[in-house]
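Asker: Quick one: sequence plus predicted model below, questions after.
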Amino acid sequence: MIDIKFCGLQSDQDVRNAVKTGADTLGFVFARSKRKVAPEAVQHWLASVSLNEHQKTAAVMVDPSHEDIHNLLESVSLDILQFHGNESPQFLLEVKKATGKQIIKALRHRKGTLDQLSAFSPFVDGFIVDAGSEEQKGGTGRRFNWGTVPVYIHFARQLNRPLWIAGGISPENVDELLAYNPDGIDVSSGIENEGCKDQTKMEAIVKQVSKDEYVLS
């Protein structure tokens, strides 16, 4: 199955729509971003919905301190910690030991990314490869060259780690990406309409993934 992560949720309605459409993972940004949300608000939103046994929640962070992570988890219950900064493998190992949470490392598509996958693989539970930039770690709405996706997927599977693809995914192009059969897709701007999450676009993504999974099987 291909995991669907809807990220950058910013309201109670976003959360309700994501849960209703059947997204596997709900992502919340706790780093500097136009989609940044308060932990207390996220806890309130999650308390108003019933997630199924397969649905998880994820925190998106950039170079947090151990104290930042501790304070976040004191305020809101989350399943996954997703890191988009310059965190070291040792730091992520310490976080995993301290929290017991699933750890995901996001990496930018660039020269040397395969080396980073190797370096981080013993310390994390999975990877996201995104377009990103030095100025904006994710959520740019830009895609990288998806022709390289099979290389990333093959390499990650050799490392026995799942790999999600992010960046510029939308209902209009997701079928192209699904043809490579990634472990998951991470969608944010592609399910927005004028900066707000759009339930129709969420449903379109889920429908497309379900269709392609049936074909691939």
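Answerer: It's in.
Asker: which stretches of the chain have low pLDDT?
Answerer: 132-141, 212-217 (pLDDT under 70).
Asker: Any idea which residue is closest to the centre of it?
Answerer: Most central in the chain under CA atoms, centre = their mean is Asp186, positioned 4.6 Å from the mean C-alpha point.
Asker: element containing that residue, please.
Answerer: The secondary structure element spanning Asp186 is strand 184-187 (assigned by DSSP states H and E).
Asker: Can I get that strand in CSV, CA atoms only?
Answerer: The C-alpha trace of strand 184-187 is given here as CSV (Å, rounded to 0.1, in the frame of the first residue of the first chain):
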residue,chain,number,x,y,z
GLY,A,184,4.4,7.0,0.2
ILE,A,185,3.5,10.5,-1.0
ASP,A,186,3.6,13.6,1.1
VAL,A,187,1.3,16.3,-0.2
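Asker: how far out from the middle of the chain is the helix or strand that comes right after that strand?
Answerer: Beyond strand 184-187 in the direction of the C-terminus, DSSP H and E gives the next helix or strand as strand 192-193. Between the mean C-alpha point of strand 192-193 and the mean C-alpha point of its chain there is a distance of 18 Å (CA atoms, centre = their mean, to the nearest Å).
Asker: For the chain, which segments count as strands?
Answerer: Per DSSP state E, the chain carries strands over the ranges 3-6, 25-29, 56-61, 80-83, 102-108, 126-130, 163-166, 184-187, 192-193, 196-197.
Asker: Endpoints of stretch 163-183, how far apart?
Answerer: Looking at stretch 163-183, the gap from its leading to its trailing residue is 5 Å under the measure CA to CA, to the nearest Å.
Asker: Could you do stretch 108-128 as well?
Answerer: With CA to CA applied, stretch 108-128 spans 8 Å between its terminal residues.
Asker: Okay, buried residues for that stretch please.
Answerer: For stretch 108-128, the neighbour count (16 or more other CB atoms under 10 Å) marks 108-109, 113, 116-117, 120-121, 123-128 as buried. C-beta here means a position set from N, CA and C on the backbone, and glycine is covered the same way.
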